[in-house]
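Student: Build me a model:
(one chain, ligands or ions: 1)
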Amino acid sequence: MADMRVSFAGVDFKNPVTVASGTFAFGREYAEYYDLSRLGGICVKGLTPLPRGGNPSPRIAETPMGMLNSVGLQNPGVDAFIRDELPFLRGFDTKIIANISAPTPEDYALMAAKLSDAGVDMIEINVSCPNVRAGGMAFGVTCEGAASVTAAVKKASSVPVMTKLSPNVTDIAEIARACEDAGADALSLINTLLGMKIDPATGVPILANNTGGLSGPAVLPVAVRMVWQAASAVKIPVMGMGGVSRAEDAAEMIWAGASLVSVGTATLADPYAPVKVLEGLEKFLDEHGLTLEGMKGRVKLH
Ligand code: SIN
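Tutor: The predicted structure follows:
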């Protein structure tokens, strides 16, 4: 049997399959389907310093092979997460990754300090949400913005920090390097691609926010390309996500340079998707005589 364990930024994952932030809430609904301890890790819904109700509806739209969302970081706030959700998640033998967003680097740092003290395993710095006016993607589309938030969080955190990158940039390699230089222990990518859907009969955008983030199988090739470019530009490890719904998609991510793989939108259609990707990947490795380490970043370019 293939060795599925992954050491990632100093954290030992039992397997490389995690679930992506924003597609798994805080795990309660999925725990009714299977034991969350089967997962390598859980990236929780994006947290903010205070509770947020999110954007007005409609905030989800189906697209060919994907979906648009403009949820707008609906969440109960960092304090409620620590009080009400983290103890539940800690009941499972899996790594807990807290995804954080805030309007200023100082606010990100305050959240990171609280979450480190509360005992999460890693912090994922969200500088890539396309659906909020303050913070989010505004930080992640410049080297200075991404680096300033990464540096502030790194200083305040006692657990490894991972910066989640936006695909809505011209040069992902330079943003990846800026985050590494600012102290990131790891990178995750991609967040969603900024998109728009218009009712063809009325001319009115489907989403109340007009635009939203595109995810799902349609974005997989973009994600694989960007994981490859980012992983090739840095020495820190990468968690790859964006359109992963099958074991073969996870394998592509690993060839491109990902150490961990996250399943996101697929889970909304099939709650078992992360487990199927995990079990399928194990079988795939055995059938092809491959190992995670032997594949990672070793894409055989033409
Ligand atoms: C949202 O809540 O709007 C999505 C979160 C994200 O894209 O980071």
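
Student: C-alpha only now, for contacts and for neighbours.
Tutor: OK.

Student: which residues touch the helix-or-strand element of the chain with minimal mean pLDDT?
Tutor: For the chain, counting by mean pLDDT, DSSP states H and E, helix 137-140 ranks last in confidence among helices and strands (a mean of 91). The contact list for helix 137-140 (C-alpha atoms under 8 Å, 6 or more residues apart in numbering) reads 126-130, 145-146, 149, 165-166, 175.

Student: ok, of those, which one's closest to the ligand?
Tutor: Nearest to the ligand among the contacts of helix 137-140: Cys129, at 3.5 Å, using C-alpha to the nearest ligand atom.

Student: quick revisit: check whether the least confident helix or strand of the chain comes near the ligand.
Tutor: No: for helix 137-140 and the ligand, the contact criterion (C-alpha under 6 Å from any ligand atom) is not met; the two come no nearer than 8.2 Å.

Student: Give me the buried positions along that helix.
Tutor: 137-140 (16 or more other C-alpha atoms under 10 Å).

Student: how would you label Asp249: helix, strand or coil?
Tutor: The three-state label given to Asp249 by DSSP: H, G, I helix; E, B strand; the rest coil is helix.

Student: typed the wrong thing, it's Glu62
Tutor: Going by three-state DSSP, the secondary structure assigned to Glu62 is strand.

Student: I'd guessed it sits against Gly195; true?
Tutor: No: judged on C-alpha atoms under 8 Å, Glu62 makes no contact with Gly195 at a distance of 11.7 Å.

Student: what do the two both touch?
Tutor: Leu68.

Student: quick revisit: can you add secondary structure, neighbour count and pLDDT and give the contacts of helix 137-140 back as TSV?
Tutor: Formatted as TSV, these follow (DSSP: H, G, I helix; E, B strand; the rest coil; neighbours: other C-alpha atoms under 10 Å; pLDDT from 0 to 100):
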residue	secondary structure	neighbour count	pLDDT
Asn126	strand	30	97
Val127	coil	28	95
Ser128	coil	28	92
Cys129	coil	28	91
Pro130	coil	26	90
Gly145	helix	19	96
Ala146	helix	29	97
Val149	helix	28	97
Leu165	coil	29	97
Ser166	coil	29	97
Ile175	helix	24	98
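
Student: Near the ligand, list only the ones from the residues you listed.
Tutor: Near the ligand, by the rule C-alpha under 6 Å from any ligand atom, you find 128-130 out of the contacts of helix 137-140.

Student: Closest to Pro51 out of those residues?
Tutor: The nearest member of those to Pro51, counting by C-alpha to C-alpha, is Cys129 at 16.4 Å.

Student: where does the closest one fall, phi/psi-wise?
Tutor: Dihedral pair for Cys129: phi -70, psi 120, per degrees, to the nearest 10.

Student: wait, what's in contact with it?
Tutor: Residues near Cys129 by C-alpha under 8 Å, 6+ apart: 136-137, 166, 191-192.

Student: Return the member of the residues you listed nearest to Leu278.
Tutor: Nearest to Leu278 among these is Asn191, at 21.1 Å by C-alpha to C-alpha.

Student: Find the residue closest to the closest one in space, skipping its chain neighbours.
Tutor: Among residues not flanking Asn191 along the chain, Ser166 sits closest, at 5.2 Å (C-alpha to C-alpha, 6 or more residues apart in numbering).

Student: close to the ligand, is stretch 235-244?
Tutor: No: Stretch 235-244 stays clear of the ligand (C-alpha under 6 Å from any ligand atom), getting no nearer than 11.4 Å.

Student: OK, contacts around Arg59?
Tutor: Applying C-alpha under 8 Å, 6+ apart, we find Arg59 in contact with 68-71, 207-209, 212.

Student: Kindly recompute the last result at 10 Å.
Tutor: With contacts defined as C-alpha atoms under 10 Å, 6 or more residues apart in numbering, the neighbours of Arg59 are 68-72, 131, 206-212.

Student: before we move on, what about Thr63?
Tutor: 196-197, 214-216, 218.

Student: beta partners for it?
Tutor: When bridges are taken as DSSP bridges, the partners of Thr63 come out as Gly66.

Student: ok, it to Ala186 distance?
Tutor: 31 Å (C-alpha to C-alpha, to the nearest Å).

Student: what is the mean pLDDT for the host helix or strand of Leu285?
Tutor: Assigned by DSSP states H and E, Leu285 belongs to helix 273-288. Averaged over helix 273-288, pLDDT sits at 98.

Student: and the closest residue to Asp107 other than its chain neighbours, what helix or strand is that in?
Tutor: Once flanking residues are discounted, Asp107 sits nearest to Pro49: 7.0 Å by C-alpha to C-alpha, 6+ apart. For Pro49, there is no helix or strand it lies in under DSSP H and E.

Student: Noted, bye for now.
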